[in-house]
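Engineer: Quick one: sequence and predicted model below, then my questions.
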Amino acid sequence: MTNINTAGWHRKHLLDIESLTAEEINVVHDTTRAFKAVGERAIKKVPALRGKTVINLFIEPSTRTRISFELAAMRLTADVINFSTEASSLKKGETLKDTARNLEALNADIIIIRHSATGAPHFLSRFLRGSVINAGDGAHEHPTQALLDTFTIREKKGRIAGLNVTILGDILYSRVARSNIHALLKLGANVTLCGPSTLVPKVFEQMGCKVTYNVDEAIAEADVINLLRIQHERQRKTMFPSIGEYTNLFGLTKARFEKTKPDALIMHPGPINRGVEINSEIADCERSVVLEQVTNGLAVRMAVLFLVNGGKGPQEIAG
Amino acid sequence: MTNINTAGWHRKHLLDIESLTAEEINVVHDTTRAFKAVGERAIKKVPALRGKTVINLFIEPSTRTRISFELAAMRLTADVINFSTEASSLKKGETLKDTARNLEALNADIIIIRHSATGAPHFLSRFLRGSVINAGDGAHEHPTQALLDTFTIREKKGRIAGLNVTILGDILYSRVARSNIHALLKLGANVTLCGPSTLVPKVFEQMGCKVTYNVDEAIAEADVINLLRIQHERQRKTMFPSIGEYTNLFGLTKARFEKTKPDALIMHPGPINRGVEINSEIADCERSVVLEQVTNGLAVRMAVLFLVNGGKGPQEIAG
Amino acid sequence: MTNINTAGWHRKHLLDIESLTAEEINVVHDTTRAFKAVGERAIKKVPALRGKTVINLFIEPSTRTRISFELAAMRLTADVINFSTEASSLKKGETLKDTARNLEALNADIIIIRHSATGAPHFLSRFLRGSVINAGDGAHEHPTQALLDTFTIREKKGRIAGLNVTILGDILYSRVARSNIHALLKLGANVTLCGPSTLVPKVFEQMGCKVTYNVDEAIAEADVINLLRIQHERQRKTMFPSIGEYTNLFGLTKARFEKTKPDALIMHPGPINRGVEINSEIADCERSVVLEQVTNGLAVRMAVLFLVNGGKGPQEIAG
């Protein structure tokens, strides 16, 4: 295994990207590289978290992120318990705090939480003795998504500083966008945001992003185009055009694709709506790294689980 | 690991508390102590049930108890399968007997069953070759809950014999109450039951309990107060006061708490309805052992899985 | 462990029975025998798939088959992830192809798929790098069921060639029937099909089966009677008699049972409708191998997982 240096990481939790330093993000990336190699072995498993208990506390439904964390924990040889809303006693009126403390009383080492309320992970981190990982809190942050997206950019482009990255879609309500903006700016990228004006408020300029409603301008100089998913199922009618209209105005159509830089990366957090925010052929083209993002997401989550648990170095991740 | 002596245990199943002897309960407690220590190690895992198959057969929904058993089995290195109502073929009209025999045909070593029908675990134990553990059968028994409650009392108070234990709430329909009454009486405690008269019939006096409808009297001399959960979601309107009325009449309010003995333990099987059967601050006070009960529940379930599987001694539970 | 020879198996996928040779079926049977012995050990686990990732992709609900595959993978020490429709992003409009490619991007080694569409596993096998196992595709095939049924016949009767096997029920819409017909004919059995004429078209004669609507004739000379499950829950009213009528016309009643050969095996893929397609006592009689089928199903699935993963011999299945 690649020699890794985790010396720059001292956190017990991963709550957001906003409070991380660029150096901390780099430590995650370096550790991810080592764990990605584990996924390519015949025996994709290391004993780094053997005998540790990891709990997936998903109060908001999610299959992909939950599975990615579950498998990450399994590959670290941890014991993983899934606790999701459907069957949970939250329905019976128990508070989130009580649920979390009850899970911790099972000697949980790490609690991964997805919740519809902004700040839920921060709240838990204040009273839990174990580690807390944010797997998405409301429209606030989704830190492991940003870590995997920036890892993927770095892997493909060799660097992040100085790159032009365009995020396209419903920025206002997107935790993926918010976490990506923080990570990209910390790592020195130039970030452009584009989408319907109701969903891309000018206030994002104060963070250091460029905001434009002209999609042609947004993609012309982009080295990376990150397309957000249009949420069919919870369409906000008053703020949002129809699906067809969205595709016409902001979708990555073939015509628009032809105007991008010849080496611009196409990213998407998944699941893709083929023919809506992205043309189906473009989603599968050579410059699309959508599946690479999934592979990297698993490695990033192994790295994060390893680091928040106090993982210090390569001797712990021997096969 | 503490030296444990399991010589007094010869049962293949754990079906109820009623048929256990005090000595058998003591063996479970002694074994629990050893397994609780496992939960405090860095590597919370022993190979005692390696290669064994444990099936969680939950015909009545439950998250907490299921997770507690699931994690207990994982920490014993067993393979665990969850089989719950939602997705089950019971919907297709298969009988419980057929379901259980089909699961056993997978060479299941232990089947943990929760079922809304009294006696379901006893029924299974008559024809299954494997071990059966009752995780709650209707309003009848919930033996691991009583084992963890009495373990917790013993741990905190140093003994059980001679203690005054008050159980407060809907006794009539509570399997937690019924199992606790059996365990406490066998171990020599004085048991007082209190709650709405429709839900605490005088017939419990024949078991050897004291029955009172005067909550002040019930808690005045108690060394332990065990509060049952008010079942919001299946309120029996004809037998039950309103929630507010219940709190006024039987809730552990601050005023009532002040009249308890200064070292009286406060217990609750969870999940708590803050502000209903217990004042929120009291639930979190130093004398509340609600979370300790959760921790002990996991250790009790490891002990029970270990014992019904024929576990004999400490050499099998080396790390 | 019995010495096994897997030299005749070169497939990466198990998509159907139709394309297998008799020799390949025999290799599965021989390997199954070795794995069945594992299920009878104190430690029912071998490290053959340690560090491999197996994904149960169940787009059509199923508990039994899913659990059988899940436990099979666990006993091979693989990491198993369940991905079922209920919580999946398929609801959000993602295509099956995208779902499968996303799961593969997690470095899945084997994807087990159940799907209501005929050919779904074949479709996946065309673009996935990992192995695909068909766990039932529409009314097309259910290959592991046929492998376990023929294994059970061979185990009980010592051979398959020359035996008279009758399949009774809704043949037209049954993937169990279709896979069994292919396997039995390849292995040299004489196959008779019987059931309501609307559900047992004469066209099956072209496959080499005998078709009859006379149940007495169908069972008189049978060495094996395989009863299909009547699908209460999705009764096709126009093609199907009432339940009571079905039992009268085609159910294995006591009267009919008495006219069978004294050593005829009674089989059923489960779950049984007692009193509908089979009399309750007959389901439990000595000649019924219904539970043996479940036990063998687990062993067959271990064998298939082992073989598609490139398993070559007994040294890999040491305890």
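Structural biologist: Cool, got the structure. Numbering: from 1, shown residues only, chains lettered A, B, ... in the order given.

Engineer: CA atoms for contacts and neighbours, from now on please.
Structural biologist: Fine.

Engineer: so where is the stretch 201-319 of chain A shaky, pLDDT-wise?
Structural biologist: When residues are selected by pLDDT under 70, those of the stretch 201-319 of chain A lie in A:232-240, A:313-319.

Engineer: In it, which residue sits closest to chain B?
Structural biologist: In the stretch 201-319 of chain A, no residue comes nearer to chain B than A:N309, which is 11.1 Å away by Cα to the nearest Cα.

Engineer: any idea how far that residue is from C:D98?
Structural biologist: Distance, A:N309 to C:D98, using Cα to Cα, to the nearest Å: 33 Å.

Engineer: again, but for A:A303
Structural biologist: 26 Å.

Engineer: Of A:N309 and C:D98, which one has the most company?
Structural biologist: The residue with more neighbours, out of A:N309 and C:D98, is A:N309; 20 against 16, by other Cα atoms under 10 Å in any protein chain shown.

Engineer: these two touch, right, that one and A:L14?
Structural biologist: No - A:N309 is beyond contact range of A:L14, at 10.7 Å (criterion: Cα atoms under 8 Å).

Engineer: any idea where the helices of chain A begin and end?
Structural biologist: A:22-38, A:64-75, A:96-104, A:120-127, A:143-157, A:175-186, A:215-220, A:243-250, A:254-258, A:280-283, A:290-308 (DSSP state H).

Engineer: tell me the mean pLDDT over the third one?
Structural biologist: Right, the one you point to is helix A:96-104. Per-residue pLDDT over helix A:96-104 has a mean of 93.

Engineer: Pull the distance from that helix to the chain's centre.
Structural biologist: Offset of helix A:96-104 from its chain centre (Cα atoms, centre = their mean, to the nearest Å): 25 Å.

Engineer: Now do the buried residues in it.
Structural biologist: For helix A:96-104, a neighbour-count test (16 or more other Cα atoms under 10 Å in any protein chain shown) marks A:98-104 as buried.

Engineer: Out of these, which comes closest to B:A220?
Structural biologist: Lowest distance from B:A220 to the buried residues of helix A:96-104 (Cα to Cα) belongs to A:D98, with 28.2 Å.

Engineer: so who does the closest one touch?
Structural biologist: By Cα atoms under 8 Å, 6 or more residues apart in numbering or on different chains, the contact set of A:D98 is B:P271.

Engineer: Next one, pLDDT for the residue in the stretch 51-200 of chain A that chain C sits nearest to please.
Structural biologist: Of all residues in the stretch 51-200 of chain A, the one sitting closest to chain C is A:T63 (5.6 Å; Cα to the nearest Cα). pLDDT, the model's per-residue confidence, is 87 for A:T63.

Engineer: Please report the distance of it from A:I272.
Structural biologist: In terms of Cα to Cα, A:T63 sits 14 Å off from A:I272.

Engineer: Over to A:N309?
Structural biologist: 33 Å.

Engineer: again with A:I181
Structural biologist: Applying Cα to Cα to A:I181 and A:I272 gives a distance of 21 Å.

Engineer: Just want to know which of these two has more residues nearby.
Structural biologist: A count of neighbours by other Cα under 10 Å puts A:I181 above the other of A:I181 and A:I272, at 28 against 24.

Engineer: these two touch, right, that one and A:T192?
Structural biologist: No - counting by Cα under 8 Å, A:I181 does not reach A:T192; the two are 9.2 Å apart.

Engineer: who touches both of these two?
Structural biologist: A:C209.

Engineer: who in the stretch 201-319 of chain A is up against chain C?
Structural biologist: Contact residues (Cα under 8 Å from any Cα of the partner chain) of the stretch 201-319 of chain A with chain C: A:232-233, A:271-273, A:291-292, A:294-295, A:298.

Engineer: closest to A:G130 among those residues?
Structural biologist: A:L298 (21.5 Å).

Engineer: Skipping its backbone neighbours, what lies nearest A:L15 in space?
Structural biologist: Distances taken as Cα to Cα, 6 or more residues apart in numbering or on different chains put A:N134 closest to A:L15, at 5.0 Å, once the chain neighbours are dropped.

Engineer: My guess is the one you found contacts A:L124. True?
Structural biologist: No - proximity of A:N134 to A:L124 does not meet the contact threshold set by Cα under 8 Å, at 10.1 Å.

Engineer: Which residue would be the closest one in the stretch 151-300 of chain A to chain C?
Structural biologist: For the stretch 151-300 of chain A, Cα to the nearest Cα, closest residue to chain C: A:T295, 5.0 Å.

Engineer: Please apply the same query to chain A.
Structural biologist: A:I43 (4.2 Å).

Engineer: For chain B, what is the nearest residue in the stretch 51-200 of chain A?
Structural biologist: As assessed by Cα to the nearest Cα, chain B sits closest to A:G51 within the stretch 51-200 of chain A, at 4.2 Å.

Engineer: That residue - nearest residue in space that isn't next to it in sequence?
Structural biologist: Leaving aside its chain neighbours, A:G51 sits nearest to B:I43 (4.2 Å; criterion: Cα to Cα, 6+ apart).

Engineer: The one you found and A:P47 touch, don't they?
Structural biologist: No - taking contacts as Cα under 8 Å, B:I43 lies outside contact range of A:P47: 10.8 Å.

Engineer: shared neighbours, those two?
Structural biologist: Joint contacts of B:I43 and A:P47 (Cα under 8 Å, 6+ apart) do not exist.

Engineer: and A:L184, how many neighbours?
Structural biologist: Applying other Cα under 10 Å, we find 26 residues neighbouring A:L184.

Engineer: How about the contacts made by it?
Structural biologist: A:150, A:160, A:190-191.

Engineer: ok, now A:L227?
Structural biologist: Neighbour list for A:L227: A:167-169, A:266-269, A:277-278 [criterion: Cα under 8 Å, 6+ apart].

Engineer: what's the answer for A:R256, then?
Structural biologist: A:R256 makes contact with A:D216 under the criterion Cα under 8 Å, 6+ apart.

Engineer: What are the phi and psi values at the nearest residue to A:V294 once chain neighbours are set aside?
Structural biologist: Excluding the flanking residues, the one nearest A:V294 by Cα to Cα, 6+ apart is C:A105, at 5.9 Å. Per-residue torsions, C:A105: phi -60, psi -10 (degrees, to the nearest 10).

Engineer: unless I'm mixing things up, C:A105 is touching A:L291, no?
Structural biologist: Yes - using Cα under 8 Å, C:A105 is in contact with A:L291, at 5.9 Å.

Engineer: Show me which residues of the stretch 1-150 of chain A sit near chain C.
Structural biologist: Residues of the stretch 1-150 of chain A lying near chain C (Cα under 8 Å from any Cα): A:39-40, A:42-45, A:61-64, A:67-68, A:71, A:74-75.

Engineer: In PyMOL, select just the buried ones from those residues.
Structural biologist: In PyMOL syntax, the buried subset of the residues of the stretch 1-150 of chain A next to chain C is picked out as below (16+ other Cα under 10 Å):
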select buried, chain A and resi 39+43+44+45+61+62+63+64+67+68+71+74+75
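
Engineer: among the residues of the stretch 1-150 of chain A next to chain C, which two are most distant?
Structural biologist: The largest separation in the residues of the stretch 1-150 of chain A next to chain C, counting by Cα to Cα, is between A:A42 and A:P61 at 32.1 Å.

Engineer: what's the closest non-adjacent residue to A:L298?
Structural biologist: A:S68 (5.4 Å).

Engineer: what's near enough to touch the one you found?
Structural biologist: A:297-298, A:301, C:106 are the contacts of A:S68 under Cα under 8 Å, 6+ apart.

Engineer: Columns distance to B:N5 and neighbour count on top of those residues, output as CSV?
Structural biologist: Listed next are these as CSV, based on distance: Cα to Cα, whole Å; neighbours: other Cα atoms under 10 Å in any protein chain shown:
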residue, distance to B:N5, neighbour count
A:G297, 48, 29
A:L298, 45, 29
A:R301, 43, 27
C:L106, 46, 24
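
Engineer: what does the domain assignment say about chain A?
Structural biologist: What automatic domain parsing lists as the domains of chain A is A:22-140+A:294-317, A:143-291.

Engineer: Name the nearest residue to the residue nearest the centre of chain A, ignoring sequence neighbours.
Structural biologist: Note on chain A: the residue nearest the mean C-alpha position is A:Q145, at 0.7 Å, using Cα atoms, centre = their mean. Spatial nearest neighbour of A:Q145, chain neighbours left out: A:V176 (6.5 Å); criterion: Cα to Cα, 6+ apart.
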